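[1] Below are the sequence and a predicted model for it; my questions follow.
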Amino acid sequence: MSGVTLEARGLSKWFGGRSAVESVSFTARVGEVIGLLGPNGAGKTTTIRLLSTVLAPSGGEFSVAGVPGSRAAEVRARIGVLPEGAGYPARQTGVEYLAYHARLFGRSRGQAARVAAGLVEQVGLAGRGGSRIGSYSRGMRQRLGIARALVNDPVVVFLDEPTSGLDPAGQREILGLVAAIASGRGTTVVLSTHTLPEVEEICSTVLILDKGKVIVYDTVAGVTEGGAGRRIGHVRVPPDEVGRAGEVLAAVPGVELLPTDRANTVVFAATEGLNEALSAVLDAGVPVLSFDVGGVRLNDAFLAITGGDQP
Ligand SMILES: Nc1ncnc2c1ncn2[C@@H]1O[C@H](COP(=O)(O)OP(=O)(O)OP(=O)(O)O)[C@@H](O)[C@H]1O
């Protein structure tokens, strides 16, 4: 299909006798941001290492822009990677660092300087490109790392937990940058994260891994809506009424209770009418403090899917 930039088919990795990644398959397209989610040890980093040719698969295959993963050097020319916990040379300036990496990809000195200047601008470091990296904040280093991942103008960029350790403002900046890279350059972004709201905000597609296996591969809307024809209700009740509200709702035909981490709220999916469900709660004399209808948040969907393991 046109626009496909990354394709994995049955990708697997065993370490010794244990599988870290088992039969992972997905397809990504130009400008798509894919969120790679999962609890600790789910296989996110291993998946990124396989797709970036750092590890050789034990089974399965993948391609980047049509180039099979077995042609590792050609794949590397088409991808960029921001590894988890990347280190930076404190004495180099941001511009020097980027130009150096552009040179590693075969750019001439002049080209490398132009690439570096363009990238510091794009990632919002223009005013600090001439400063030593040692003086950069954590957020600035992450932006520099993202810029470095773009020096070869990749088709696909892999960002392994790019917002970890940043304060909320720093996280927002990085997310804005990632979204701009995908929409502005058309780069496919594979973003590994533990932070579900990030996925809801900027990802079009989500791949949830658990124990090395893909348990969800869907659009973010598909996950949060929980399937066609279902509507989600959120009923907030006093703390001592949560149990009773849940019991009443569970007894209504067509209603399924969903896990949630929100206090004093019962979240349910209904295939029939939501009004009947709400009426049942009110008829039982449970005081309803608020009721709203909408999609389930990704965090709730994640809890339902993984049975409570937090990402
Ligand atoms: N080099 C290795 N040798 C042996 N086992 C490994 C190796 N790398 C990863 N694993 C195992 O593979 C599984 C998946 O690990 P991976 O680091 O990919 O998970 P993750 O989803 O990135 O976790 P986290 O969110 O904690 O970073 C884990 O059980 C891990 O212990």
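    Done, it's in. Here the structure is a predicted model, which is why all the values come from computation and not from measurement. Numbers count the residues shown, from 1 in each chain.
[2] Check whether stretch 32-46 comes near the ligand.
    Yes. Contact between stretch 32-46 and the ligand is present through 38, 40, 41, 42, 43, 44, 45, 46 (criterion: C-beta under 6 Å from any ligand atom). Where you see a C-beta, it was placed from the backbone N, CA and C, and this is true even at glycine.
[3] from these, which ones fall inside strands?
    Taking DSSP state E as the definition of strands, those contribute nothing to them.
[4] Now, of those residues, which are buried?
    In the residues of stretch 32-46 next to the ligand, burial by neighbour count holds for 38, 42, 43, 44, 45, 46, counting by 16 or more other C-beta atoms under 10 Å.
[5] Check those residues against residue 181 and report the nearest one.
    When those are ranked by distance to residue 181 (C-beta to C-beta), residue 44 comes first, at 19.8 Å.
[6] So for that closest one, what's the nearest residue that isn't a sequence neighbour?
    Nearest in space to residue 44, with sequence neighbours left out and distances taken as C-beta to C-beta, 6 or more residues apart in numbering, is residue 192 at 4.4 Å.
[7] Could you report the neighbour count for the one you found?
    Neighbour count for residue 192, taken as other C-beta atoms under 10 Å: 24.
[8] check contacts around it.
    Under the criterion of C-beta atoms under 8 Å, 6 or more residues apart in numbering, the neighbours of residue 192 are 35, 36, 37, 44, 45, 47, 48, 84, 158, 159, 160, 161.
[9] returning to what we had before: could you tell me which of the buried ones among the residues of stretch 32-46 next to the ligand belong to helices?
    Among those, the residues falling in helices (DSSP state H) are 44, 45, 46.
[10] Confirm for me that the last one is in contact with residue 19.
    No. The pair formed by residue 46 and residue 19 falls short of the contact definition of C-beta atoms under 8 Å, at 9.7 Å.
[11] where do the contact lists of the two overlap?
    Common neighbours of residue 46 and residue 19, counting by C-beta under 8 Å, 6+ apart, are 13, 212.
[12] Apart from its neighbours in sequence, what residue is nearest residue 27?
    Nearest in space to residue 27, with sequence neighbours left out and distances taken as C-beta to C-beta, 6+ apart, is residue 7 at 5.0 Å.
[13] for that neighbour, which residues make a bridge with it?
    Following DSSP bridges, residue 7 is listed with bridge partners residue 27, residue 63.
[14] Any stretches of the stretch 151-300 of the chain with poor pLDDT?
    Applying pLDDT under 70 to the predicted model, the residue ranges of the stretch 151-300 of the chain that meet it are 224-230, 272, 294-300.
[15] now the strands: where do they sit in the stretch 1-150 of the chain?
    Taking DSSP state E, counting those that start in this stretch, the strands of the stretch 1-150 of the chain run over residues 4-15, 18-29, 33-37, 59-64, 67-68, 79-82.
[16] just those strands: most buried one?
    For those, ranked by mean neighbour count under the definition mean count of other C-beta atoms under 10 Å, the leader is strand 33-37 at a mean of 27.
[17] Quick one: mean pLDDT for that one?
    Throughout strand 33-37, pLDDT has a mean value of 93.
[18] quick one, it and strand 4-15 angle?
    Using axes from the mean of the first three to the mean of the last three C-alpha atoms, to 10 degrees, the inter-axis angle of strand 33-37 relative to strand 4-15 is 20 degrees.
[19] Which neighbours in the sheet does strand 33-37 have, and how are they oriented?
    Within its sheet, and counting by DSSP bridges, strand 33-37 is paired with strand 188-192 (parallel), strand 205-210 (parallel).
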